[in-house]
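Trainee: Provided below are the primary sequence and the corresponding predicted coordinates.
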Amino acid sequence: MATPIPSPPSVPFLGHVTIIDREVAIYSYNLLAKQYGEIYQLSMMGSKVVVICSQELLHEVSDEKRFRKVPSSALDQVGNAAGEGLFTAHGDNPNWHLTHRILMPALSTMNTRNMFDDMVDIVNQPVQKWERFGPRYKIDPSQDFTALTLEAITFCAMSYRMNTFYVEGVHPFARAMADFLVESGNRALRPGIVQPLMRATNSKYEENIKTMQKYVDDVYNQRKENPTDKKDILNLMMYGKDPKTGERSSEKTIKENLLTFLIAGHETTSGMLTFILYYLLKNPEAMRKLREEVDTMIGSRTMTVDDVHKLPYLIAVMRETLRLGPPAPARGTAPFEDALLKGKYPVAKDGRIYCGIYMVHRDPKVWGEDAEEFRPERMLDGRFEALPPEAWQPFGFGVRACIGRPFAWQEAQITVVYLMQRFTFVMHDPSYDLQLKQTLTIKPHEFFIRTIPRTDRP
Ligand code: HEM
């Protein structure tokens, strides 16, 4: 027996667009979850979206026999630059299958270990910068982590240096990408008839796409002109063959995926690193335990690739950070056929479902009444493994889950260890409380720190 899905009051034509915060949409989705519970329905300029907010519902829609990825409307707009790249491709796109089969093995945990030295090379850049600047300098960790992660993805995956730490302010690629993502999000909430009238905004958008594509062309052309036998992702994209069909990717597909890796591969990890610092600074006991673990297991010697498995508390901190601050706060899905969620909530075939990962990660049925508190202990001693299915899903699900998860994981582990070994941290403004910035991803906004080089290293 179908039960209507609750829905807030709406206005004609625009539907619920006006009740969604334009700066940080996830605030509104979260607030609505508090009012309407685990499921509610919105109408965004004529198209219906069902929002799900509980572990039980996320588990149900993670059944790949019944549901498939449908990019959210904001992600769909990202396709204006990334085309049919891995991230933005719809369901059955043949180029997605081709690229996925070629690249999957290269991004396994085993292969990511081979990138360890290159990652350390990059992590050293912000470490040296913060050491040079000293304790009085106001640091924007989000900006420096964005530089780190952009440099890491280009260097480790493409053997290309953006030299992000050697430009004044924000790197032109990172700036163009951030503006492009903000406008992609805005477009998703804007009536179609208004878009052509926004000439200045549209031409800036096109300009940002061109700026990003210029870097992609440069990465591609440099490799074409200077071939190497390095087994990096770029070589695989350009020369790898599909193990199933023997087919190779076209130049268009390669470039779309290069841009995809640049977009998907750095904002998210930089958000994660910034959230880690924020939560550790707000929770001194967790910071103390983590430092103790790093001091005991590694001390002041140089970290090796084998150390990454010896730090359970660090893993718990990373998991708990991604729970409260999932950089990708939502993902989109749709049923292959008419569906009744929980046997009662009707969703039509192809009807869009917004999986509110941010809200699922706060589901009180799973995480308890203190769900908003940062407690890495929730993730220790078998408790993570004992969680109900899909209670923690920051990297997406199934075949369309994040292909860069081992990369992001190792990059974050190295970064946090290097930082813990060398610095103690303080908030620039001790009264700061988390505010979010949302583009396609979320991260702490206006969060500044100071770093004090350690004199008590073991
Ligand atoms: C897909 C999260 C880092 C490349 C995804 C998805 C999520 C996600 C949630 C699925 C999106 C959807 O269903 O619409 C994250 C988080 C990261 C991270 C939280 C860091 C903490 C990375 C890195 C790379 C990367 C470092 C590249 C090396 C991709 C790609 C896809 C993807 C290419 C599309 C996969 C496909 O559909 O085949 N990521 N990601 N991500 N991610 Fe990540």
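Mentor: Cool, got the structure.

Trainee: all strands in this structure, in order from the N-terminus.
Mentor: 39-44, 47-52, 67-69, 331-335, 339-341, 345-347, 352-355, 423-427, 436-438, 442-444, 449-453 (DSSP state E).

Trainee: tell me the helices and strands packed up against the fourth one.
Mentor: Packing contacts for strand 331-335, counted by 3 or more Cβ pairs under 8 Å, 6 or more residues apart in numbering; DSSP states H and E, involve strand 67-69, strand 352-355. Yep, even glycine has a C-beta here, placed from its N, CA and C like the rest.

Trainee: OK, contacts around residue 240?
Mentor: Listed by Cβ atoms under 8 Å, 6 or more residues apart in numbering, the contact partners of residue 240 are 102-103, 248-249.

Trainee: now swap in residue 30 and tell me
Mentor: The contact partners of residue 30, by Cβ under 8 Å, 6+ apart, come to 356, 358-359, 362.

Trainee: neighbour-wise, give me the winner out of the residues you listed.
Mentor: When neighbours are taken as other Cβ atoms under 10 Å, the top entry among the contacts of residue 30 is residue 356 (28 neighbours).

Trainee: look through the protein and state the residue closest to the ligand.
Mentor: residue 404 (2.1 Å; Cβ to the nearest ligand atom).

Trainee: how many residues are close by the residue nearest to that residue when sequence neighbours are not counted?
Mentor: Distances taken as Cβ to Cβ, 6 or more residues apart in numbering put residue 265 closest to residue 404, at 5.4 Å, once the chain neighbours are dropped. By other Cβ under 10 Å, 24 other residues sit near residue 265.

Trainee: and for residue 150?
Mentor: Neighbours around residue 150, by other Cβ under 10 Å: 23.

Trainee: I'd guessed it sits against residue 263; true?
Mentor: No. Using Cβ atoms under 8 Å, residue 150 is not in contact with residue 263; the gap is 10.2 Å.

Trainee: mind listing what residue 5 touches?
Mentor: 39-41, 50, 345-346.

Trainee: just the buried residues of these.
Mentor: 39-41, 50, 345 (16 or more other Cβ atoms under 10 Å).

Trainee: need the residues you listed in CSV (columns: distance to the ligand and pLDDT).
Mentor: Formatted as CSV, the buried ones among the contacts of residue 5 follow (distance: Cβ to the nearest ligand atom, whole Å; pLDDT from 0 to 100):
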residue, distance to the ligand, pLDDT
39, 19, 98
40, 21, 97
41, 20, 97
50, 16, 97
345, 21, 97
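
Trainee: which one of those residues sits closest to residue 334?
Mentor: Of all those, residue 334 sits closest to residue 50, with 9.4 Å by Cβ to Cβ.

Trainee: roughly how far apart are the closest one and residue 61?
Mentor: 9 Å (Cβ to Cβ, to the nearest Å).

Trainee: shared neighbours of these two, which are they?
Mentor: What both residue 50 and residue 61 touch, as defined by Cβ under 8 Å, 6+ apart, is the set 341, 353.

Trainee: mind listing what's buried in stretch 303-323?
Mentor: 303, 305, 307-308, 311, 313-323.

Trainee: for that stretch, which outside residues touch it?
Mentor: 113, 116, 120, 272, 275-276, 279-280, 286, 289-290, 293-294, 297-298, 361, 367, 374-380, 384, 392, 394, 409-410, 412-414, 416-418, 421.

Trainee: and those residues, which are buried?
Mentor: 116, 120, 272, 275-276, 279-280, 286, 289-290, 293-294, 298, 361, 367, 374-376, 378-379, 384, 392, 394, 409-410, 412-414, 416-418, 421.

Trainee: take those and keep only those in helices.
Mentor: Among the buried ones among the contacts of stretch 303-323, the members falling in helices (DSSP state H) are 116, 120, 272, 275-276, 279-280, 286, 289-290, 293-294, 367, 409-410, 412-414, 416-418, 421.

Trainee: still on that earlier bit, quick one, phi/psi of the residue of the chain closest to the ligand?
Mentor: Here is the backbone geometry of residue 404 (degrees, to the nearest 10): phi -100, psi 10.

Trainee: return the residues in contact with it.
Mentor: Counted by Cβ under 8 Å, 6+ apart, residue 404 has contacts 107, 261, 264-265.

Trainee: skipping adjacent residues, who's closest to the residue most central in space within the chain in space?
Mentor: Centroid-nearest residue in the chain, with Cα atoms, centre = their mean: residue 268, separated by 2.9 Å. The shortest distance from residue 268 to any non-neighbouring residue, by Cβ to Cβ, 6+ apart, is to residue 327 (4.2 Å).

Trainee: correct me, but the one you found touches residue 444?
Mentor: No. Counting by Cβ under 8 Å, residue 327 does not reach residue 444; the two are 10.7 Å apart.

Trainee: compare those two (neighbour count), which wins?
Mentor: Neighbour comparison, residue 327 and residue 444: the larger count goes to residue 327, with 23 against 20 (by other Cβ under 10 Å).

Trainee: what's the pLDDT at that one?
Mentor: Per-residue pLDDT puts residue 327 at 97.

Trainee: ok, now how distant is it from residue 379?
Mentor: Distance from residue 327 to residue 379, by Cβ to Cβ: 17 Å.

Trainee: correct me, but residue 77 touches residue 187?
Mentor: Yes. Residue 77 lies in contact with residue 187 (Cβ under 8 Å); the separation is 4.8 Å.

Trainee: returning to what we had before: mind listing what the residue nearest to the centre of the chain touches?
Mentor: 327-328, 408, 441.

Trainee: by neighbours, which of the residues you listed wins?
Mentor: The contacts of residue 268, ranked by neighbours (other Cβ under 10 Å): first place residue 408, 27 neighbours.

Trainee: who's in contact with the residue nearest to that one when sequence neighbours are not counted?
Mentor: Distances taken as Cβ to Cβ, 6+ apart place residue 269 nearest to residue 408, at 4.6 Å, with adjacent residues excluded. Going by Cβ under 8 Å, 6+ apart, residue 269 touches 145, 149, 152, 327, 408, 411-412.

Trainee: what is the longest helix along the chain packed up against?
Mentor: In the chain, assigned by DSSP H, the helix with the most residues is helix 199-225. On a contact count with 3+ Cβ pairs under 8 Å, 6+ apart, helix 199-225 meets helix 73-82, helix 141-158, helix 172-188, helix 233-239, helix 251-264.

Trainee: among those, which is the most enclosed?
Mentor: Of the helices and strands packed on helix 199-225, the one with the most neighbours on average (mean count of other Cβ atoms under 10 Å) is helix 141-158, at a mean of 24.
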